[in-house]
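1. no sequence for this one, just the structure:
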């Protein structure tokens, strides 16, 4: 009978990637590609990082965060320009473009407008009406004048 040896566990898994581990000119990669409409997920693939790594680097590095924010602005501008330029193009897929704008840039079909409370906090409840003038509090047994 063979004696099994315990397997040595490796602590912590794969080492975390840091800014220095990114490809040279990573800022240019972000800005140039997002300036052509690329998504953050495309940037993840180009930089060979996971989404969780991008999110962590965004929190840890101000320069990485600024590059992503600039890229987001450029990407949205690129997509908006595509829609604007193709307004009269009958072959342009407006439904696909619009769905892309809703999903990537939080566009909405409907804006909720509050025209009743004028921006003040509304408290749910009921309204107490004063008793009828004849003093009878039961609305079912009210006498008519």
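-> Alright, I've got the coordinates. If you're wondering where the values come from, they're calculated on a predicted model, not measured in any experiment.
2. secondary structure element holding residue 69?
-> For residue 69, the host element (DSSP states H and E) is helix 62-85.
3. quick check: mean pLDDT across that helix?
-> The pLDDT scores in helix 62-85 average 96.
4. and residue 17, backbone torsions?
-> Phi and psi for residue 17, reported as degrees, to the nearest 10, are phi -80, psi 140.
5. what sits against it?
-> Applying C-beta atoms under 8 Å, 6 or more residues apart in numbering, we find residue 17 in contact with 49, 53, 57. C-betas here are computed from N, CA, C, even on glycine.
6. what do you get if the cut-off is 6 Å, keeping everything else the same?
-> 49, 53 (C-beta atoms under 6 Å, 6 or more residues apart in numbering).
7. could you measure from it over to residue 63?
-> Distance, residue 17 to residue 63, by C-beta to C-beta, to the nearest Å: 15 Å.
8. ditto for residue 94
-> Remark: distance between residue 94 and residue 63 (C-beta to C-beta) = 37 Å.
9. related to what we said a few turns ago, tell me the buried residues in the helix holding residue 69?
-> 64, 67-68, 71-72, 74-76, 79 (16 or more other C-beta atoms under 10 Å).
10. so which residues of this protein form strands?
-> Remark: no strands are assigned in the chain by DSSP state E.
11. which residues in it form helices?
-> Applying DSSP state H to the chain gives helices spanning 26-34, 40-47, 51-60, 62-85, 94-105.
12. mind checking which of those is nearest residue 3?
-> Residue 3 lies closest to helix 51-60 among those, at 40.1 Å (C-beta to C-beta).
13. what residue is smack in the middle of the chain?
-> Centroid-nearest residue in the chain: residue 106, 6.2 Å away (criterion: C-alpha atoms, centre = their mean).
14. list phi and psi for that residue.
-> Dihedral angles (degrees, to the nearest 10) for residue 106: phi 60, psi 30.
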